[in-house]
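Undergrad: Provide a 3D model corresponding to the input given below.
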Amino acid sequence: MTTGVDTRALETRVKRMYELVATEPGAGFHFELGREVAVRAGYDPAVLDAVPAPAVESFAGVGYLFDLAALAPGETVVDLGSGWGMDAFCAAALTGPSGHVIGVDFTPAQPAKARRLAAESGATTLEFVDAHIEHLPLADGSADCVISNGVINLCPNKEAVFAEAARVLRPGVADIVSEPPLPESVVGNAAARDRHRDAGASYGVRSVSVLATKPRR
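TA: Okay, here's the model as predicted:
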């Protein structure tokens, strides 16, 4: 798929920026970070209290997705672009000791930090892997739900991301729901935005800001 984007340069910029988020969350960025942002987006402060503080400190999501995901105990969840893991930790709390949450991120510093936080907190149902979300190292039909919080906007080949999300979901007709897209100034020009919308349409995606998808029951 031709996107007109220098994907190598984009990946380098994204990697550099989010490595800085992972190591220096107080450095100052063009987007907001942290607990206040999460609470404003709709996260329950009591739930955030149970998440390791460094993971909350580096939260850079754009919305609240767990009302869309409607997770249940025992489910397997894949978090695309998991960063330091705040959403993954929240998903682990919702899916319980019989659940399994897999965070996927291509910026080495972030999953490394998330793995350390999980080990320190005794979160045994969490797993963080280094990989691109367009090429998930997961088996077909291995997940009950796929979530993503703002990260798909940074990926030039969104169609590949949607296809991978559909592939790893367990058999069934998937409901893919999402909240309103980010402003044009964030996701790019109008032509690019239209391509992204078209790419997701065949998978039932209405936007790419906050994604939660799971098969219909």
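
Undergrad: Quick check: chain neighbours aside, which residue is closest to Y64?
TA: Of all residues not flanking Y64 in the chain, G42 sits nearest, at 3.2 Å (C-beta to C-beta, 6 or more residues apart in numbering). In short, each C-beta sits where N, CA and C put it, glycine included.

Undergrad: Thought V62 was touching the one you found, still the case?
TA: No: between G42 and V62 there is no contact under C-beta atoms under 8 Å: 11.4 Å.

Undergrad: Among these two, which residue is more densely surrounded?
TA: Just comparing G42 and V62: by other C-beta atoms under 10 Å the higher neighbour count belongs to V62, 20 against 11.

Undergrad: what number of residues lie near the nearest residue to that one once chain neighbours are set aside?
TA: Nearest residue to V62 in three dimensions, chain neighbours excluded: G150, at 3.8 Å (C-beta to C-beta, 6+ apart). By other C-beta under 10 Å, 20 other residues sit near G150.

Undergrad: Repeat that for P73.
TA: If you count neighbours by other C-beta under 10 Å, P73 ends up with 10.

Undergrad: Looks like it contacts G99 (just checking).
TA: Yes: P73 is in contact with G99 according to C-beta under 8 Å; the separation is 6.3 Å.

Undergrad: rewinding a little: any idea how far the residue nearest to Y64 is from A112?
TA: Distance, G42 to A112, by C-beta to C-beta, to the nearest Å: 28 Å.
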